[in-house]
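*Asks:* Sequence first, then the predicted structure, then my questions.
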Amino acid sequence: MPAVSLRKMLNKKELPSLLNNLVHQFNIAVDVELIDGTKLISIGERTKENRYPVEVSGEIIGWVVGEEQAIILATLLSFLAKQEAEKKVLAKELLERYQEIDLFDDISTQLTTSLDTRQIAQLVLQELSQLIESSAGMILLLSPDVTAFEIIAEFGVFFDNSQPEPGKGIIGNIVQSNRAELVNDVQADPRLDGEKNVSAMICVPLRAKERVLGAIAIGTSKTDSYKAEHLKLVSIFASQTAIAIDKALLYEQSTQAAVQAKAQTQKLQQALHELQLAQTQLIQSEKMSSLGQLIAGVAHEINNPVNFICGNLRYVAEYAQDLLHLLEKYQKFLPVAPPGLESELDNIDLEFIIQDLPKLLDSMKVGTDRIVEIVQSLKNFSRHDEAEMKAVNIHDGIDGTLMILHHRLKADARRPAIEIVKDYAKLPLIECYPGQLNQVFMNILANAIDALEELMVTSQQSTVKSPELSTMDYGLLTKPLITIRTAVLDNQWVVIRIADNGPGMKEEVIRRIYDPFFTTKDVGKGTGLGMAISYQIVVDKHGGMLKCRSQPGEGTEFWIQIPLNCAVVDAAEEQNSTSASATSITELSHTPDGDGFIPSTAPMLKPTDLLIRHTQLIQRLSQHNPDVEGASPDEIYQIFQRHPISLKLYATLLSWFCCSNPKQIRY
């Protein structure tokens, strides 16, 4: 019977249509027949009776009858028949192999599911002792330097007191030769060393990936007990055992590597954290340096003409008073003025000038005093000449910051004025970095004003769209309020609490506000660095604490806590910096305290986080520029130039991506 049936081949769905297409292409007529002449396919009317065989391994299984071009079809069918025959041979081999492997499937499954070398070895010996008659057995592992054996499983007694060694005795020599052996008379073998408790034995090396891991050996007290099939059976067990042990050893190595990698990852995370803080500090230093110089310069330039005006305004008031007094004397001596002069007095309205000039000078005095206060506030805020720690009045810094933000507190068309409530305690002078603390006050107060403005605008829009929502209360919509409280805590700390009655924040937002570049504001309205910088200033620079509590619809409150004398804290931190740096990140918790405040923690930006920041920045930019996704690099750069803050952030992110081996930056 032929190995391949031509009829079954032609019953396949695709083949007849393929033959039809080829016959029509050649413009011929053919018949496909079996050996006995049975027609399987007939296409067209034949004009010639040429017969071309369809062969498989020299055996004809059919004919293609037709013109000369029909030989191509015969060749094609022969090729397809050959493939079918090869598939059958392969399937038969696979079936035989499967039947052979199936015998050990259960054992193999148990071996491969275990990752303990001793458990694997004990299981193998247990199964062998049930399949093959044996009184002793053992599985040995070679040491990494191939100088000693370790017995990881055994039953019975192979050796009395000695230990097998590589290159010595029957087992040592078999492992060294890397060839499985059956020894039916152990006592007569010249290699006999310590294997005196058995009379016959089988020893098979454990090989995995062209290297010897050890050996499996079984023995019995009866001579000539083992046959070739026993050797084959043990060899199969040895093969499976070697694979399982090799996998278990690799797992142990990978576990050790994972522990080392985890430790290395922690070091890299710490390095990334330090780099992140350094990058943020560089941006803050650059911005604050420029801002401080600008404010100090503007304050200095304004101060000179203001001092000139203030200094001379007193004399102007005295001169005006003298002139008015002199004019009064003249009126007494000349009660009746000449007609020409009387007309001139009526034109200038002398009585109004006499009444209004002192008032005008008084208002100018009030204005110049106001300018002097603003200039002093600018100086206090910038502290350009006070980079070192200094004893200052914290209240002056808060008041100076409020003075700078005064224009944002006033009422406008969108909202009423924001009321500031001060509840100041009597505080001593604080040893701190005043300029940096002023920056913290500025960041938190500016965010509070932004939140109140956003709430008022949102509520107005909701009222316009849905008048029935106008009765909703999100805090105190008609009276935006910021409350500032100060207090001394335990005679060691100063606490500044800044609260607003704005829309509040969700807990997941609070947990991310100290993350550099995280912001809920639109492009150009916020950098996402304000609270990250505030964290560095309060916690890292002053050794203090920064906490926040907020609920949607219930406003937000920040707790700023710094020591009375930061210089003492700095000295203590320098001594403990090595040990504290490794644990400070893991010890802090996001769990709210008894008052509901969530402590700030140092954010850790992983590479995936940087990619997320990158995506968010582009998405925020695309909200204002819908064509950014299809823009060229030059066009994207032009868009960024309209948002310089975003350009700076984007450049910083790119520097983090591209810096493969960044050096630690000290600041």
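*Replies:* Cool, got the structure.
*Asks:* in the stretch 301-450 of the chain, what spans have low per-residue confidence?
*Replies:* Low-confidence segments of the stretch 301-450 of the chain (pLDDT under 70): 377-388.
*Asks:* Which parts of it are helices?
*Replies:* 339-348, 350-382, 394-404, 406-409, 434-465 (DSSP state H, counting those that start in this stretch).
*Asks:* The ones you listed: which one's closest to Tyr514?
*Replies:* Closest approach to Tyr514 among the helices of the stretch 301-450 of the chain (C-beta to C-beta): helix 434-465, 11.3 Å. Glycine gets a C-beta too; all of them are placed from N, C-alpha and C.
*Asks:* picking up where we left off before, do you know which of the helices of the stretch 301-450 of the chain lies nearest Glu150?
*Replies:* If you check each of these against Glu150 by C-beta to C-beta, helix 434-465 wins as the nearest, at 62.9 Å.
*Asks:* Could you pull up the mean pLDDT of stretch 77-91?
*Replies:* In this model, stretch 77-91 has a mean pLDDT of 85.
*Asks:* One more: stretch 485-495?
*Replies:* For stretch 485-495, the mean pLDDT works out to 92.
*Asks:* Check stretch 164-178 too.
*Replies:* For stretch 164-178, the mean per-residue pLDDT is 86.
*Asks:* Give me the contacts around it.
*Replies:* Outside stretch 164-178, the residues that touch it by C-beta atoms under 8 Å, 6 or more residues apart in numbering are 140, 142, 146-149, 151, 158, 180-181, 183, 186, 189, 191-195, 201, 203, 205, 207, 212, 214-215, 217.
*Asks:* rerun that using 7 Å as the cut-off
*Replies:* Stretch 164-178 has contacts (C-beta atoms under 7 Å, 6 or more residues apart in numbering) with 140, 142, 146-149, 181, 183, 186, 189, 191-195, 203, 205, 212, 215, 217.
*Asks:* Turn the buried ones among those into a named PyMOL selection, would you?
*Replies:* Per 16 or more other C-beta atoms under 10 Å, the buried members of the contacts of stretch 164-178 correspond to this PyMOL selection:
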select buried, resi 140+142+149+181+183+186+189+193+194+195+203+205+212+215+217
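*Asks:* What is the distance between stretch 85-97 and the centre of its chain?
*Replies:* Centroid separation for stretch 85-97 versus its chain: 51 Å, with C-alpha atoms, centre = their mean, to the nearest Å.
*Asks:* secondary structure element for His273?
*Replies:* Assigned by DSSP states H and E, His273 belongs to helix 228-333.
*Asks:* which other helices and strands contact that helix?
*Replies:* helix 105-112, helix 117-131, strand 200-208, strand 211-220, helix 350-382, helix 530-535, helix 644-658 (3 or more C-beta pairs under 7 Å, 6 or more residues apart in numbering; DSSP states H and E).
*Asks:* any idea of the angle that helix forms with helix 434-465?
*Replies:* For helix 228-333 against helix 434-465, the angle by axes from the mean of the first three to the mean of the last three C-alpha atoms, to 10 degrees is 90 degrees.
*Asks:* about what we covered before: and the helices of the stretch 301-450 of the chain as a markdown table, adding distance to Phe26?
*Replies:* Shown next, in a markdown table, are these (distance: least, C-beta to C-beta, whole Å):
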| stretch | distance to Phe26 |
| --- | --- |
| helix 339-348 | 121 |
| helix 350-382 | 94 |
| helix 394-404 | 93 |
| helix 406-409 | 89 |
| helix 434-465 | 77 |
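*Asks:* So which of the ones you listed is nearest Val4?
*Replies:* helix 434-465 (78.4 Å).
*Asks:* What residues of the closest one count as buried?
*Replies:* Buried residues in helix 434-465, counting neighbours by 16+ other C-beta under 10 Å, are found at 434-453, 455-456, 459.
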